[in-house]
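K.L.:
Okay, sequence plus prediction incoming.
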Amino acid sequence: DTEVTQTPKHLVMGMTNKKSLKCEQHMGHRAMYWYKQKAKKPPELMFVYSYEKLSINESVPSRFSPECPNSSLLNLHLHALQPEDSALYLCASSISGGAGETQYFGPGTRLLVL
Amino acid sequence: DAKTTQPPSMDCAEGRAANLPCNHSTISGNEYVYWYRQIHSQGPQYIIHGLKNNETNEMASLIITEDRKSSTLILPHATLRDTAVYYCIVMTTDSWGKLQFGAGTQVVVTP
């Protein structure tokens, strides 16, 4: 099974709302990633977790708060977002986070901030 | 700085081979060449990767020039389902697996 699942598929939120995106994998991978993709642009890395510890934060604003409660689950907590944060949020996983590893992506959550 | 250069778009006839070029003239000896694709509104999908040697799998072949400054992804028999944006990515071997996507090539397979 090489599937990464993400919920919800679509999310609409106001600028004062708090919401969370969820990502799950059951491939035994120990690295998980969040990417952001604006319309007609390539994905951009936001965060990397390896063995449930945050390894990389690509200078992401604090209104995005990642959480990795266990090796199979990755959350992205959203608070006080701006309309420009509207994008496709992609989750990925790989064996341990090292270079040369294939990353498996989920289908993404399409977020609209009003 | 862009590590790879790809043509913005390509058309390919169904059933024919699609040859997608990628220039990575500043590649280092410890950097892999990766190819992913993204079908509209889906997550990126891994295709193939290589370091020095040519590689082949069930999806595609990767041809890397001897000086490693460029490569070509070959889809041997393109189908309509191969219509996607194809990303060529250079990834170092001595750091975390940071995929830095470029603009990619929009490939349209036509009947």
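P.N.:
Nice, thanks for sending it over.
K.L.:
So B:G43 sits against A:R110, correct?
P.N.:
No - between B:G43 and A:R110 there is no contact under CB atoms under 8 Å: 11.5 Å. Heads up, the C-betas are built off the backbone N, CA and C, glycines and all.
K.L.:
and the two? which has more neighbours close in?
P.N.:
Shown here are B:G43 and A:R110; by other CB atoms under 10 Å in any protein chain shown, B:G43 has more neighbours (22 against 17).
K.L.:
List the contacts of A:C91.
P.N.:
Going by CB atoms under 8 Å, 6 or more residues apart in numbering or on different chains, A:C91 touches A:4, A:6, A:21, A:23, A:32-35, A:74, A:105-106, A:108.
K.L.:
again, only using 10 Å
P.N.:
Neighbour list for A:C91: A:4-6, A:21-25, A:32-35, A:47, A:74-76, A:103-109, B:43 [criterion: CB atoms under 10 Å, 6 or more residues apart in numbering or on different chains].
K.L.:
Spit out the residues that contact B:G43 and A:R110 alike.
P.N.:
Common neighbours of B:G43 and A:R110 are listed as A:37, A:88 (criterion: CB under 10 Å, 6+ apart).
K.L.:
Run a quick neighbour tally on residue 98.
P.N.:
Chain wasn't specified; assuming chain A. Neighbour tally, A:G98, other CB under 10 Å: 14.
K.L.:
was after chain B, sorry
P.N.:
By other CB under 10 Å, the burial measure for B:K98, its neighbour count, is 17.
K.L.:
wait, it sits on A:P43?
P.N.:
No - taking contacts as CB atoms under 10 Å, B:K98 lies outside contact range of A:P43: 11.5 Å.
K.L.:
Now for those two: what residues contact both?
P.N.:
Common neighbours of B:K98 and A:P43, using CB under 10 Å, 6+ apart, are A:Y33.
K.L.:
What pairs with the host helix or strand of B:Y36, parallel or antiparallel?
P.N.:
Applying DSSP states H and E as the criterion places B:Y36 in strand B:31-38. Using DSSP bridges, strand B:31-38 pairs in its sheet with strand B:45-50 (antiparallel), strand B:84-92 (antiparallel).
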